[in-house]
Each structure stands twice: as structure tokens, then as C-alpha cells.
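K.L.:
I'd like to go over a predicted model; first the sequence, then the structure.
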Amino acid sequence: MLRKRQPIFAANWKMYKTIQETRAFFASFFGALSEYADRKTVIAPPFTALAAAREEIGAFKRQDVSIAAQNVFFEEQGAYTGEVSLPMLQELGVEFVILGHSERRHIFGETDMGVAFKVRAVCEAGLCPILCVGERLSEREAERTNMVIGIQLAAALAALPENALHGLIIAYEPVWAIGTGKVASAEQIAQVHAFIRSWFAVHFNSALAENIRILYGGSVKLNNAAQIMGIADVDGLLVGGASLDAGEFVKIVSCEI
Ligand code: PGA
């Protein structure tokens, strides 16, 4: 079945893999992965391994695989010790940037406003943000999931015109499902993805809502990938732990959709 929106299988490596390990990953990954026209693979290694990842993808001549950064700072340059800018990422051939991941929000204190500046800068630079949203367990238990996600979306996309959102991807990642082995149920995923799509219809328009890709992330593994991809409004997966193993990630990317 041809899908309305091209699915994306994104790997978030977090703070794992040296340059050497990155090269070894791609050797086995490309050794086993067929080239798919109907899906896109995006790999987000740490900053230090982006150049090596780019080289490997080039060496294997794979158009279906792109690289992403896990974060960026919104200023082009300046006295910002420890930060990396968009021109620096563009020079490395980065096409996607993960923004607002819950680990950045909760461990590093990233705010909605900071995320909003970054989304704007990434859109203006012509790269695709993968904007992460998701509720904590206490928020879900208090039945505040939609409200929390609505606030995160409104804050991150505030003041952005519709034409700036070209290429925007949303990743729904319930905080309680990240790295815990607890996957949201099919009903929970379907409900939140439908809510996110309707949020775009209300706050922008139905054409944008129809085109925007919404990924699910949180304990995605080989044994649940195809099932999650079968849920309405799921346009792809954002995979942490299970993307570190080339063999497992090949199988996830190759899952039946
Ligand atoms: P996980 O991480 O697949 O290890 O749960 C997902 C993420 O943090 O993006």
C-alpha cells in the first residue's frame, strides 16, 4: 500500500558511538539494508561522528539515508562555549535536527522558549526540525496529556508562519516510554497522533495537518516496530537504544509497512 506520507525511520544515538564505532555500524548497516524508495532513514550520531557518518553514506552512495544532529544552537556564531551552530552542521551535510528531546528538556533544562528559537533557526536555514513532544507519567495519570502536548507545540511553533514549517517533523515521545521498555499502547499512540494532527489543522490549516509527518518514539524495538507503523497517523519511528545495533536497526527499517 502506498502511504500518503513517506515514512521516516530515525535513529537517535544519544551519547553513544565513537568515530570508529560509527564506521563499523555503517559497514554492517549498509551490508544488510536494501535501498528503499518508499522510506527514508535518518541517523543522528553525536556531533563528533557526524563527519564520519556523512563520509560512510557517501562512500556507499546511499540516497535513502541522511544524517541528523541531536541539537543545535540558534545563533550563527559567537561567544557560546560548547555550542554548535547551523552553518557548522550544514557544512557537514546535516539535513535534520532533533529538537526538544525530553533528555534535553529534563536533564539540561531546555525551555519551551529555547526550543522555539531553535525551531525557527532550523527552519530558516532550510533544514528539517524533528520536534519532540511528550508527556511525563504524572501528566498522563492526571489526564493532562493533550494539554501538555498542545502547550509544547504552541510554544515551539509560536510566531512561525506556515511557509516556514515546510519540512517540520513531529516526534511524539511519551517521557515514561523512553529507555524504559514500556511502550505506549496502540490506543494511546493513535489518540495522541490524531490530536497532534488536529492541532495543526486548528492552528494552521488542514493541508499542513495532512502533510506533516508524526513519528512515534519510546522503546521501539524490532518486536513492536511493524505494529506501531500500522497505527493510524504514525508516519515513522524515532528509535534510541535499538538503533545502536546495526542488525536490529536494519530489521526495524525493513519492517513491513
Ligand atoms: P528509546 O529512546 O528508543 O531508547 O526508548 C527513544 C528516544 O529517546 O528518542
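P.N.:
Everything's here; your move. Note that the structure is predicted; figures quoted are calculated from it, not measured.
K.L.:
So which residues of the stretch 101-250 of the chain form strands?
P.N.:
Per DSSP state E, counting those that start in this stretch, the stretch 101-250 of the chain carries strands over the ranges 128-133, 169-172, 213-217, 236-239.
K.L.:
Export those as TSV, with columns for mean neighbour count, distance to C255 and mean pLDDT.
P.N.:
Quick note: C-beta positions are derived from backbone N, CA and C, even for glycine. Below are those laid out as TSV (neighbours: other Cβ atoms under 10 Å; distance: least, Cβ to Cβ, whole Å; pLDDT from 0 to 100):
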stretch	mean neighbour count	distance to C255	mean pLDDT
strand 128-133	26	19	98
strand 169-172	26	18	98
strand 213-217	25	13	98
strand 236-239	26	9	98
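K.L.:
Save the ones you listed as CSV, and put in distance to W13 too.
P.N.:
Output for the strands of the stretch 101-250 of the chain, formatted as CSV (distance: least, Cβ to Cβ, whole Å):
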stretch, distance to W13
strand 128-133, 14
strand 169-172, 15
strand 213-217, 13
strand 236-239, 10
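K.L.:
who in this structure is up against the ligand?
P.N.:
Contact residues, the chain versus the ligand (Cβ under 6 Å from any ligand atom): 12, 173, 178-179, 217-220, 238-242.
K.L.:
Just give me the closest of those to the ligand.
P.N.:
G240 (2.3 Å; Cβ to the nearest ligand atom).
K.L.:
Derive a PyMOL selection command for the buried subset of the residues of the chain next to the ligand.
P.N.:
Buried members of the residues of the chain next to the ligand, defined by 16 or more other Cβ atoms under 10 Å, are picked up in PyMOL with:
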select buried, resi 12+173+178+217+218+219+220+238+239+240+241+242
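K.L.:
is it true that L215 touches A11?
P.N.:
No: counting by Cβ atoms under 8 Å, L215 sits too far from A11 to count as a contact (11.5 Å).
K.L.:
what residues are up against K221?
P.N.:
With contacts defined as Cβ atoms under 8 Å, 6 or more residues apart in numbering, the neighbours of K221 are G241, A242, E248, I252.
K.L.:
make it 10 Å
P.N.:
G181, V183, I228, V239, G241, A242, E248, K251, I252 (Cβ atoms under 10 Å, 6 or more residues apart in numbering).
K.L.:
V253 versus the residue lying closest to the fifth one once chain neighbours are set aside, what's the distance?
P.N.:
Looking back up the chat, that one is G241. Leaving aside its sequence neighbours, G241 sits nearest to G179 (Cβ to Cβ, 6 or more residues apart in numbering; 6.3 Å). From G179 over to V253 the distance is 20 Å, taken as Cβ to Cβ, to the nearest Å.
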